[in-house]
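[1] let's see this in three dimensions:
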Amino acid sequence: MSTVFLSYAAADRARVEPLVKALEADGFDVWWDRDISLGESYHRVIQQALERAACAVVVWSHHSIGSEWVTNEASEARKRGILVPALLDDVEPPLEFRHLQSATLFAWQGAMDDSSLQQLISAVRRVAERGGAPMSSPAVRRPSARTVKSWWETPAGWAVSAAALLLAATLLVLALRGTGLIGDAAPATDAVATEPSPAPAPAGGAVSPAPPGGARPASAPAGTIDLLDVSDGAQIVAASEAGWKAYIYARDEPTCSIISTNGFVTFAFRDERRARFDRIGVFVEATSGYNVKTVELYASDESDRGPFEKIGTFTVPNFRNERQPFHEFAFEPVTARYVKLVAVDWQEGAGRPNGNICTMRLLGILQ
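    Okay, here's the model as predicted:
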């Protein structure tokens, strides 16, 4: 039995269920349920499912065309030559996929003998059996696309354009300096020194994101580190489940894991020393209804078992921060030896038993 990987937006789950049943009725094993077991890496499970699939169907809709998660899955399937696109709504797919022929299902009412559905099933079967046979039929939408590149779209064109822009910018700067309209740039340190810092939020209350881009001010005190980084001596002393350990000890790059609703993790800083901290960062890889929405931070200066004082509640944006890897939140400086983090709820709303939470960091100074 061939496995079909179904890529779709979480908001379309009810709409894609009839398609799942139709594929299963035709003998396919469909991987589409994203309720992943506790402790498993969300990304690893999806990657393994995609690697095992003989065919991948991406369902483009008003929701999925804006999902970086769906786009990434579709891109991986296209690289393997196993992608079969389908349109659930009358939309334009992301630019990377507009040259591909897509089955049109936005008028499909669930009938098994519908010609659009049968064309899609035939394409899935051909891809699963022979690897990437193209779709063709009157029911297939063929978006118009310009396939011949202009000269300026080639690498040589890019190089010439970049050189011309650089030359023009240089001449402009020289001309402005010659007229006295501009002078030498002030040292970068002076610009940073005049940049206002964000106003701290009250302890225990809701905390707003840091300044644009979430960037930590360059004037942060010397010795500021990520207090949750195990390479700097941080250690987990208590956790609600094993997923926290797998997630937090893979620190070479941001990592994500599935954590239960209201799951918690408690950290001790290096050698269980006190630290003073005033900023927390949360990594978000891509928009998803499974991403964490609310994180709470608690601190204790007495014991890893408390008592803990609530420092703040953080509402995490549901998109990737392209200015820097983390969404950061500032609060009034706190001194403590232990912190506890709680994953309160998820982006798609209440009722989920678990969700996706990625690397977090706590910026401060060991004392």
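[2] quick one: residues contacting the residue lying closest to Arg52 once chain neighbours are set aside.
    Excluding the flanking residues, the one nearest Arg52 by Cβ to Cβ, 6 or more residues apart in numbering is Thr3, at 5.8 Å. No exception for glycine: its C-beta is placed from N, CA and C like everyone else's. Residues counted as contacts of Thr3 (Cβ atoms under 8 Å, 6 or more residues apart in numbering) are 28-31, 49, 52-55.
[3] swap in 10 Å and give it another go.
    28-31, 49-50, 52-56, 128 (Cβ atoms under 10 Å, 6 or more residues apart in numbering).
[4] how about Ser288?
    Ser288 touches 9-10, 34, 42, 67-70, 256, 318-319, 346-348, 355-356, counting by Cβ under 10 Å, 6+ apart.
[5] of these, which is the nearest to Val124?
    Val124 lies nearest to Val70 out of the contacts of Ser288, by Cβ to Cβ, at 17.6 Å.
[6] tell me which helix or strand in the protein has the weakest average pLDDT.
    Least confident helix or strand of the chain, by mean pLDDT, DSSP states H and E, is helix 188-193 with a mean of 36.
[7] burial measure for Gly81, as a count.
    Gly81: 11 surrounding residues under other Cβ atoms under 10 Å.
[8] how far away is it from Arg130?
    10 Å (Cβ to Cβ, to the nearest Å).
[9] for Trp32, give me its contacts.
    4-8, 13, 16-17, 19-20, 23-24, 49, 57, 59.
[10] mind picking the lowest-pLDDT entry from those residues?
    On pLDDT alone, Ala49 ranks lowest of those, at 84.
[11] so that one sits against Glu76, correct?
    No: counting by Cβ atoms under 10 Å, Ala49 does not reach Glu76; the two are 11.0 Å apart.
[12] shared neighbours, these two?
    5, 56.
[13] quick one: buried ones out of the contacts of Ser288?
    9-10, 34, 42, 67, 69-70, 256, 318, 346-348, 355-356 (16 or more other Cβ atoms under 10 Å).
[14] wait, which of these is closest to Gln101?
    Of all these, Gln101 sits closest to Val70, with 18.3 Å by Cβ to Cβ.
[15] ok, back up a step: closest to Phe331 among the contacts of Ser288?
    Checking the contacts of Ser288 against Phe331 by Cβ to Cβ gives Asn318 as the nearest, at 21.3 Å.
[16] which stretches of this structure have low pLDDT?
    Low-confidence segments of the chain (pLDDT under 70): 33-43, 131-161, 173, 175-220, 245-253, 350.
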